[in-house]
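>>> okay, here's the prediction I keep looking at, along with the sequence it came from:
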Amino acid sequence: QVQLVESGGGLVQAGGSLRLSCAVSGRTSSEYFVAWFRQVPGEEREFIATIAWSGGTRYSDSIGGRFAISRDNAKNTVYLHLDSAKPEDTAVYYCAASLLLTSSDRQYSSWGQGTQVTVSS
């Protein structure tokens, strides 16, 4: 098991940028793919992107264009950068870990507590 803690959420104006951080810990954290999801109340969790320890990435075809995922292995931290934020990006953002390269949230066994991002118009 790995443990994940998100930070960096908050209020951002439409058109602005934001960087979220996910601190990853655990004895075998380097084996895991780490992904970012987001969820609006009453809706299903939505996959954004995932990244391997090696740096390989996969993005959502529908919403991945304004996001960039990266990781700093020395700091055991995965980042999600959002550019050109829109009000519809308002959601709780979660990072999660899986042994698989997948966009399915059911394949992720460890989750952070989430961080709220609110984009004002």
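Right, received. Where do you want to start? Worth saying up front: this structure is predicted, and the values here are computed from it rather than measured.

>>> show me the shaky parts of this protein.
The chain contains residues with pLDDT under 70 at 27-29.

>>> quick check, central residue of it?
When CA atoms, centre = their mean is applied to the chain, the residue found nearest the centroid is Trp36 (2.2 Å).

>>> assign a three-state SS to that one, would you?
strand (DSSP: H, G, I helix; E, B strand; the rest coil).

>>> Provide a list of residues in contact with it.
For Trp36, the residues meeting the contact criterion (CB atoms under 8 Å, 6 or more residues apart in numbering) are 20, 22, 48-50, 67, 69, 78, 80, 93-96. The C-beta positions use only the backbone N, C-alpha and C, and glycine is treated the same way.

>>> top of those by neighbour count?
For the contacts of Trp36, the largest neighbour count, defined by other CB atoms under 10 Å, is 30 neighbours, found at Cys95.

>>> surely it is within a strand?
Yes. Using three-state DSSP, the secondary structure at Cys95 is a strand.

>>> show me what it bridges to in the sheet.
Following DSSP bridges, Cys95 is listed with bridge partners Trp36.

>>> which residues touch it?
Under the criterion of CB under 8 Å, 6+ apart, the contact partners of Cys95 comprise 4, 6, 20, 22, 24, 34-37, 78, 80, 111-112.

>>> excluding its backbone neighbours, what's nearest Ser17?
The spatial neighbour of Ser17 that comes closest, neighbours along the chain excluded (CB to CB, 6 or more residues apart in numbering), is Asp83 at 5.2 Å.
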